[in-house]
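Chemist: Quick one, fold the following:
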Amino acid sequence: MLEITNSPDIKQWSEFVYNHPQGNIFQTPEMAEVYKRTKNYEPILLAVVDTKNDEILAVLQAVVIKEISGFLGTFSARSIIQGGPLFIENEKGIEALKVLMEHYDKITTQKKALYTQIRTMWDMSNILSFFNSIGYEYEEHLNFLIDLNRPEEEIWRDIHKSRRKGINRAFNRGVVIEEVRDKMFIPIFYGIVEETYKNARIPLADISLMESAFELLAPKNMATFYMAKYEDIYVGARVVLNYKGLIYDWYAGALSDYLSLYVNEALVWHILKEGANNRYHTFNFGGAGKPNEEYGVREFKRRFGGKMVNFGRYKKIHSPIKLKIAEKGFEVYRRMIL
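Modeler: Next up, the predicted model:
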């Protein structure tokens with residue numbers, strides 16, 4: 001018999017994710033706790049259990065995100081499922097997946113999320129027809145993956161010549177990369193990222209997301225915070241998530257007055273080197289936009305020599321009318337606030 005629960009045994013849940021071929025940090029109990037501690041974030045956790053064998057067959061962790069609190073926040077509420085759902089790939093697992101997604105859709109309606117976006121981290125085309133059958137549309141979305149399971153010299157050679165020049169210039173001019181080991185630096189870290197997001201006119205999560213990740217993930221080596229320093233000024237910041245040999249590029253920023261120092265290039269190269277020398281197998285650049293839309297960061301990522309993939313995303317709109325109102329309102333909000 002299949003039973004759905006929002007409070008699975010944490011040890012079982014953790015082991016299920018870790019042992020799953022597509023298990024990733026965004027589906028772990030640790031990330032659930034990070035979401036719980038983040039302002040305007042509300043996690044949704046569901047698991048399907050085979051009660052006969054006391055075995056987890058499927059897991060889904062989503063997070064409902066609002067840009068602002070209160071009533072107006074419902075006009076920005078969206079649910080993100082990153083790296084999930086995870087399910088056992090057999091007949092029983094597919095059955096569990098159906099139960100899982102049906103229950104999830106009911107919850108998102110209650111939570112008043114305008115839409116759900118499934119951000120895949122691998123090729124899910126084998127169940128495209130299933131997602132289509134329950135109202136999820138496939139959208140193309142690019143990414144770059146860099147193979148770290150090889151000598152540092154090979155990774156360096158694959159980086160575009162102009163990018164290598166920038167990295168060398170950064171270090172020759174005195175840029176230093178430091179790992180953040182004290183929480184007192186998180187406001188400085190956040191301020192650098194915040195400036196970058198404001199310049200790009202993109203909303204940024206509350207600082208409590210970074211604080212929670214530093215407190216809960218960094219001690220377990222599941223997150224690493226880096227800052228670039230130049231003449232006693234912190235000028236760049238990057239945080240990556242680490243899980244099962246994969247490094248995920250999560251948030252990044254650099255002060256606009258110091259971009260000519262190639263701060264971003266220096267940070268990425270430092271992380272690639274550290275990853276290769278510490279037996280990580282892949283660096284995931286965290287997305288490179290839709291192929292038919294301009295995305296300035298794509299070229300920056302492309303020139304690090306990774307493999308371009310198009311695993312795409314899946315989206316379901318739960319409230320079409322409300323979403324249209326929200327999109328118009330958000331443009332006004334961006335002009336006023338960002």
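
Chemist: Now do the same for stretch 214-224: mean pLDDT, whole number.
Modeler: For stretch 214-224, the mean pLDDT works out to 98.

Chemist: Model confidence for L246, exactly?
Modeler: pLDDT at L246 comes out at 98.

Chemist: so who does the residue nearest to it when sequence neighbours are not counted touch?
Modeler: Ranked by CB to CB, 6 or more residues apart in numbering and with sequence neighbours excluded, the top spatial neighbour of L246 is T282, at 4.8 Å. In short, each C-beta sits where N, CA and C put it, glycine included. Shown in contact with T282 (CB atoms under 8 Å, 6 or more residues apart in numbering): 145-149, 245-247.

Chemist: measure T282 to V17 for me?
Modeler: According to CB to CB, to the nearest Å, T282 and V17 sit 17 Å apart.

Chemist: sec struct for the closest residue in space to W122 that isn't next to it in sequence, please.
Modeler: Distance criterion CB to CB, 6+ apart; nearest residue to W122, sequence neighbours excluded, is Q22 at 5.2 Å. Here Q22 is coil, with the state taken from DSSP: H, G, I helix; E, B strand; the rest coil.

Chemist: right, and Q22 touches I88 too?
Modeler: No - with contacts counted by CB atoms under 8 Å, Q22 stays clear of I88, the gap being 11.2 Å.

Chemist: just to revisit the earlier point, based on its surroundings, how many neighbours for the residue nearest to W122?
Modeler: 18 (other CB atoms under 10 Å).

Chemist: Model confidence score at it, please.
Modeler: Value for Q22, per-residue pLDDT: 97.

Chemist: Mark which of the contacts of T282 are buried, thanks.
Modeler: Buried residues within these, counting neighbours by 16 or more other CB atoms under 10 Å: 145-146, 148, 246-247.

Chemist: Just these: which are in strands?
Modeler: Residues from these lying in strands, with DSSP state E as the criterion: 145-146, 246-247.

Chemist: Need the residues you listed in a markdown table (columns: distance to F300).
Modeler: Output for these, formatted as a markdown table (distance: CB to CB, whole Å):
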| residue | distance to F300 |
| --- | --- |
| L145 | 15 |
| I146 | 13 |
| L246 | 20 |
| I247 | 17 |
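
Chemist: of the residues you listed, closest to L97?
Modeler: Closest approach between those and L97, by CB to CB: L246, at 23.0 Å.

Chemist: Now do stretch 3-14, average pLDDT.
Modeler: Here the average pLDDT along stretch 3-14 is 96.

Chemist: Give me the contact list for it.
Modeler: For stretch 3-14, using CB under 8 Å, 6+ apart, the contacting residues are 28-29, 44-49, 51, 56, 59, 99-100, 103.

Chemist: wait, which of the ones in strands among the buried ones among the contacts of T282 is closest to E215?
Modeler: Using CB to CB, those come closest to E215 at I247, 20.1 Å.

Chemist: Can you name the residues bridging to the closest one?
Modeler: Per DSSP bridges, residues listed as beta-bridge partners of I247: N242, F283.

Chemist: Taking the centroid of this protein, which residue is nearest it?
Modeler: In the chain, the residue lying closest to the centroid (CA atoms, centre = their mean) is W250, at 5.4 Å.
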